[in-house]
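S.K.: Here is my input, please return the structure:
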Amino acid sequence: MEASVWVGAVFGLVGTGIGGALSIWSAVMTQRQQAAHTREEQRQARASAAVEAALTELFEIQRDARRAGPDSETRRQQLHERVLNIQVLMQRVPDAGLRDRVREASFFLPLSPAGDTRSREERRVDSMYLCADAIACLGAYLRAEAMPARTGRVEEIRALWPFPDIGSDGETIIYEAED
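M.R.: Residues are numbered from 1 along each chain as shown. Below is the predicted model:
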């Protein structure tokens, strides 16, 4: 056999080996990308489900705030449970700004700052404003829109509190009352 035949055979084998290796590498990379895409879709689905559940809780809080009647221990306990559910649900949301904003609004719902002079009716209306702010933010997230600006009343409610970073992950501490 001539040398050119051997050279051709070697180059053919090398080319086939390189082509096969590139084909396998391409399949592995495609599989990795699909797995990453699937994980991202699952994460987004869990976040959307958490946002929808938080919206339900906020609408329930807002509905209860609209109802007239005396405060009862049962109503206060339900409000605390709903706020706790919102705090837990927001842990699944990847957007830190949205998470902090909604957690902050829900944190202010059951509490009154020291020396609070607002009437019960003013606190009820403020609860509705806080819920509306959180609902607007969550709705914007579901629609993939920018987060809306806080309303003037929500800013006034926030100003009642002496600490500005109340909603952030590192600054939220909730104390239970000792009965």
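
S.K.: Check the offset of stretch 74-88 from the chain's centre.
M.R.: Average the C-alpha atoms of stretch 74-88, do the same for its chain, and the two points are 17 Å apart (C-alpha atoms, centre = their mean, to the nearest Å).

S.K.: ok, and what's touching it?
M.R.: Taking contacts as C-beta atoms under 8 Å, 6 or more residues apart in numbering, the residues outside stretch 74-88 that touch it are 53-54, 57-58, 60-61, 64, 102-103, 106-107, 109-110, 134, 172. C-beta coordinates here come from the backbone N, C-alpha and C atoms, glycine included.

S.K.: Considering those, which is situated nearest to Val14?
M.R.: Minimum separation from Val14 among those (C-beta to C-beta) is found for Ala53, which lies at 58.3 Å.

S.K.: I'd like the distance between the closest one and Val154.
M.R.: For Ala53, the distance to Val154 (C-beta to C-beta, to the nearest Å) stands at 22 Å.

S.K.: Between those two, which is the more surrounded one?
M.R.: Of the pair Ala53 and Val154, Val154 is the one with more neighbours under other C-beta atoms under 10 Å, namely 21 against 15.

S.K.: Just give the nearest non-adjacent residue to the more buried one, would you?
M.R.: If the residues on either side of it in the chain are set aside, Val154 comes closest to Asp133, at 4.8 Å by C-beta to C-beta, 6 or more residues apart in numbering.

S.K.: mind listing what the one you found touches?
M.R.: Under the criterion of C-beta under 8 Å, 6+ apart, the contact list for Asp133 reads Arg101, Ala105, Arg150, Thr151, Val154.

S.K.: Quick one, grab the pLDDT at the last one.
M.R.: pLDDT for Val154: 87.

S.K.: Hmm, it is touching Ala105, no?
M.R.: Yes: counting by C-beta atoms under 8 Å, Ala105 is a contact partner of Val154 at 7.3 Å.

S.K.: who touches both of the two?
M.R.: Here Val154 and Ala105 share the contacting residues Leu130, Asp133, scored by C-beta under 8 Å, 6+ apart.

S.K.: before we move on, the earlier item: going by distance to Asp95, which of the contacts of Asp133 wins?
M.R.: Where the contacts of Asp133 are concerned, and distances follow C-beta to C-beta, Asp95 has its nearest neighbour in Arg101, at 9.2 Å.

S.K.: Low-confidence bits of this protein, can you list those?
M.R.: Regions of the chain meeting the criterion pLDDT under 70 cover residues 1, 163-179.

S.K.: Contacts only, for the most centrally placed residue in the chain.
M.R.: Per C-alpha atoms, centre = their mean, the C-alpha nearest to the average position across the chain is that of Val93, at 2.5 Å. Under the criterion of C-beta under 8 Å, 6+ apart, the contact list for Val93 reads Ala47, Ala50, Val51, Arg99, Val102, Tyr141.
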